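Engineer: sequence and predicted structure are below.
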Amino acid sequence: QSALTQPASVSGSPGQSITISCTGTRNDVGLYNYISWYQQHPGKAPKLLIFDVSDRPSGLSNRFSGSKSGNTASLTISGLQPEDEAAYYCSSYTSSSTLVFGGGTKLTVL
Amino acid sequence: EVQLLESGGGLVRPGGSLRLSCPASGFSFNSFAMTWVRQAPGRGLEWVSGISDRGGSKYYAASVKGRFTISRDNSKNTLYLQMNSLRAEDTAVYYCAKDRGNGDYGVISFDSWGQGTLVTVSS
């Protein structure tokens, strides 16, 4: 199972919005709505941001939102803040009953 | 508060074995699937293995199938990963994580994570 494809890096200024894409195949992203997004700061464990394409865990800021179209899922962060600088990973359930992560995207807040 | 505390990592020679443990607290352990995710130094996340709430269903990444075995002891609220025939490419921080569901069809999204334990495979 190949990793989902994410851009290696994105950047934005405080207050702006950015979108990170996550491209898979018809056997994972395109087949199920079991897409999750995680945020990971250096040296820390990942944190769940989005599950089931667009749902947020209780208490999570609504600045984070998710969507999907065909084989591509997207994470949008609005109102960028300095603390959003981190790595972001998508994941998808697959037709083999396994899970696959994206390669990760490093977000830089300028 | 959910707590997951991995242990058992260390330095092992290629071909060797290690057993990771992850005692859990703060939630009803026997109601949720659990998973192992690893991260090689400077690299991204890689899903390794998952197990359903009662342990009846187990799932593995192709890269570890036949070498690693996931298990759980619900009486001890503990998740395990037995790693055999270790290779240099297995070197990584190994995280245990709690799934949001029971895992009857697979592991899907992980809402609590431990801090990880480092496994180094080197001669």
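Structural biologist: Arrived safely. Just so it is clear, the structure is predicted and the values come from calculations on it, not from any experiment.
Engineer: so residue A:39 belongs to a strand, correct?
Structural biologist: Yes. Counting by DSSP: H, G, I helix; E, B strand; the rest coil, residue A:39 falls inside a strand.
Engineer: which pLDDT does the model give it?
Structural biologist: On pLDDT, residue A:39 comes in at 98.
Engineer: which element is the most centrally placed residue in chain B on?
Structural biologist: Central residue of chain B (C-alpha atoms, centre = their mean): residue B:36, 2.7 Å from the mean position. Per DSSP states H and E: residue B:36 is located in strand B:34-39.
Engineer: likewise residue B:43?
Structural biologist: Using DSSP H and E, residue B:43 falls outside every helix and strand.
Engineer: for it, which non-adjacent residue is spatially closest?
Structural biologist: Spatially, and ignoring its direct neighbours in sequence, residue B:43 is nearest to residue B:92 (7.8 Å; C-beta to C-beta, 6 or more residues apart in numbering or on different chains). Placement of C-beta: from N, CA and C, glycine included.
Engineer: what do you get for residue A:36?
Structural biologist: In space, residue A:36 is closest to residue B:109, 4.0 Å off (C-beta to C-beta, 6+ apart).
Engineer: contacting residues around that neighbour?
Structural biologist: Applying C-beta atoms under 8 Å, 6 or more residues apart in numbering or on different chains, we find residue B:109 in contact with A:34, A:36, A:48, A:51-52, A:91, B:99-101.
Engineer: picking up where we left off before, whichever helix or strand comes after the strand holding residue B:36 pairs with which strands?
Structural biologist: Next along the chain after strand B:34-39, taking DSSP H and E as the criterion, comes strand B:45-51. Under the criterion DSSP bridges, strand B:45-51 sits next to strand B:34-39 (antiparallel), strand B:58-60 (antiparallel) in its sheet.
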